[in-house]
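Visitor: Have a look at this fold, sequence not included:
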């Protein structure tokens, strides 16, 4: 008896631990080290001297330094040192419906994974069927009771089990788990996109606000210049052509006010939408002065980048799922065994079910093998292999795109730092020229028009400087987004009911 049990246990273990057909997914090797095409360009983005930018009204920290291997904080937007921005991001994480949808999609994917695992276990169902029957007198009466009318109470269990001989079920579970992981990484992608969009929207609002203020000041100065030019034309000190040029310049700047105002209102609506509010909901006002340019910038190595970018991780998860589906398709073409048992009772009364002799059972086994399906299973396997090759190419595309994003962002940071330096120097020179013109005008050395034109040049330089400062802030946001956003350092969720996990410690989904 013990030998039989040992043999049965060994056979069961052999069946359940058999090798799964199809290719085994292997994590791709990390990309080769690269400097993102930035060799020889140094680590610091020295845009301009601190004195020059302070004179032009810019932030005091004007040198951004790259630190290879430096980690990214989970709340990287706090590096801009804006309490209003912190509050806005938290509101977006609490209220944005896209993030809520991604959480629900993750919960559904996790349930699908658990549902797929149920195929590894026996299926058991129960039934109870009471019937009242009458036998025609054409036939014999029921032998046991010798009656034409009789009652039968049938209680039965239906037990079925399909051993996973070829690992097709396990490959299906593997695919479902990979799709769960892909949805998890999609959630992180939504999280990263949302936080980056909120910070970028605040920067764009501050830039538009600065441009609108500078343009309003510029229009006011140009109106004064035109009025002075018209007075001097009347006394013959200014030509008609010069007056016409001043009118054209004023009209051009006045025409730019409406588009700027429209963009500013649309930016306000965008911020409201990102935090899940109606367009008319009051939102905080941002200025460039309220945002600090981060000085120390991380520079993630390519081997870590593939572990941190949600889009690359999603592509790898899809690749893994496609690999597992090849095994499922192969297993579907092989023989399968189905085991079944139906123990139960059939009695004339419920009380008889507890009496010996009224039990019944059936044990069966069935072997199935596809013989002819007009090539259905073969084509499904070929399609699975083609999808696996496609997922491989998609992963390579995502990886190359990630490296390109980082390289483009680093180039933009360096180039825009140089542009900011040039604009800061121009703004400093224009401000100095305006102060000299003011002194000369008080002494009567230059006309009012000349003095106002110097002020106009200074305002135009300030407008260009504001755009350049906004560009550097945007480049910094783009860098944090390109490097993955630091989600792996999040200790706990910043939004209610959000899932939290670590890439090496499994998944926990917290539902409402």
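Guide: Thanks, I have it. Everything quoted here is computed from the prediction, not taken from an experiment.
Visitor: need the helices for the stretch 151-300 of the chain, in chain order.
Guide: Per DSSP state H, counting those that start in this stretch, the stretch 151-300 of the chain carries helices over the ranges 168-234, 240-274.
Visitor: closest to residue 362 out of those?
Guide: helix 168-234 (24.9 Å; CB to CB). (Glycine included, C-beta is placed from N, CA and C.)
Visitor: Compute the inter-axis angle for the closest one and helix 240-274.
Guide: Angle, helix 168-234 to helix 240-274, by axes from the mean of the first three to the mean of the last three CA atoms, to 10 degrees: 150 degrees.
Visitor: which of the helices of the stretch 151-300 of the chain is buried the deepest?
Guide: Stretch with highest mean neighbour count among the helices of the stretch 151-300 of the chain: helix 168-234 (a mean of 21; mean count of other CB atoms under 10 Å).
Visitor: just checking, what packs against that helix?
Guide: With contacts taken as 3 or more CB pairs under 8 Å, 6 or more residues apart in numbering; DSSP states H and E, helix 168-234 sits against helix 83-95, helix 97-117, helix 240-274, helix 310-331, helix 448-482.
Visitor: I'd like to know the average pLDDT value across stretch 375-386.
Guide: Mean pLDDT, computed over stretch 375-386, is 95.
Visitor: Is it possible to get CSV of the helices of the stretch 151-300 of the chain that adds mean pLDDT and distance to residue 123?
Guide: CSV is the format used below for the helices of the stretch 151-300 of the chain (pLDDT from 0 to 100; distance: least, CB to CB, whole Å):
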stretch, mean pLDDT, distance to residue 123
helix 168-234, 90, 12
helix 240-274, 86, 47
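Visitor: Make JSON lines from those and add distance to residue 299 to it.
Guide: Shown next, in JSON lines, are the helices of the stretch 151-300 of the chain (distance: least, CB to CB, whole Å):
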{"stretch": "helix 168-234", "distance to residue 299": "18"}
{"stretch": "helix 240-274", "distance to residue 299": "28"}
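Visitor: closest one to residue 403 among those?
Guide: helix 168-234 (17.2 Å).
Visitor: Now do that closest one and helix 97-117, the angle between them.
Guide: Using the same axes, to 10 degrees, one finds that helix 168-234 and helix 97-117 are set 170 degrees apart in direction.
Visitor: and the angle for helix 168-234 with helix 310-331?
Guide: Using the same axes, to 10 degrees: helix 168-234 against helix 310-331 is 150 degrees.
Visitor: Low-confidence ranges, this structure, go.
Guide: 1-18, 39-62, 237-238, 492-512 (pLDDT under 70).
Visitor: what residue lies at the spatial centre of it?
Guide: Centroid check for the chain by CA atoms, centre = their mean gives residue 189 as the closest residue, at 1.3 Å.
Visitor: I'd like to know how far that one sits from residue 102.
Guide: Applying CB to CB, to the nearest Å, the value for residue 189 to residue 102 is 8 Å.
Visitor: Counting neighbours, what do you get for residue 131?
Guide: When neighbours are counted by other CB atoms under 10 Å, residue 131 registers 9.
Visitor: now swap in residue 283 and tell me
Guide: Neighbours around residue 283, by other CB under 10 Å: 22.
Visitor: how near is it to residue 272?
Guide: As judged by CB to CB, residue 283 and residue 272 stand 6 Å apart.
Visitor: Residue 367 now?
Guide: Remark: distance between residue 367 and residue 272 (CB to CB) = 64 Å.
Visitor: Which positions within stretch 387-405 qualify as buried?
Guide: Across stretch 387-405, burial judged by 16 or more other CB atoms under 10 Å covers 387, 388, 391, 394, 395, 398, 399, 402, 403, 405.
Visitor: so which of those residues comes closest to residue 91?
Guide: Closest to residue 91, out of all of the buried residues of stretch 387-405 and judged by CB to CB, is residue 405, at 27.4 Å.
Visitor: ok so, going back, can I assume the residue nearest to the centre of the chain is in contact with residue 315?
Guide: No: with contact defined as CB atoms under 8 Å, residue 189 does not count as touching residue 315 (10.9 Å).
Visitor: For the residue nearest to residue 448 when sequence neighbours are not counted, give me its contacts.
Guide: Using CB to CB, 6 or more residues apart in numbering and skipping the chain neighbours, the partner closest in space to residue 448 is residue 228 (4.5 Å). Going by CB atoms under 8 Å, 6 or more residues apart in numbering, residue 228 touches 447, 448, 449, 452.
Visitor: Neighbour-wise, which one of those leads?
Guide: Neighbours here mean other CB under 10 Å. Within those, the largest count is held by residue 452, at 23 neighbours.
Visitor: thought it was touching residue 221?
Guide: Yes: between residue 452 and residue 221 there is a contact under CB under 8 Å: 5.7 Å.
Visitor: Tell me what angle the helix or strand where residue 417 lies forms with helix 448-482.
Guide: Following DSSP states H and E, the helix or strand that holds residue 417 is helix 376-443. With the same axes, to 10 degrees as the basis, helix 376-443 and helix 448-482 are set at 150 degrees to each other.
Visitor: now for helix 376-443, which elements pack on it?
Guide: strand 44-46, helix 50-55, strand 63-68, helix 302-308, helix 310-331, helix 448-482.
Visitor: any chance of the ones you listed in a markdown table, plus distance to residue 254?
Guide: Putting the helices and strands packed on helix 376-443 into a markdown table (distance: least, CB to CB, whole Å) gives the following:
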| stretch | distance to residue 254 |
| --- | --- |
| strand 44-46 | 37 |
| helix 50-55 | 30 |
| strand 63-68 | 37 |
| helix 302-308 | 48 |
| helix 310-331 | 44 |
| helix 448-482 | 14 |
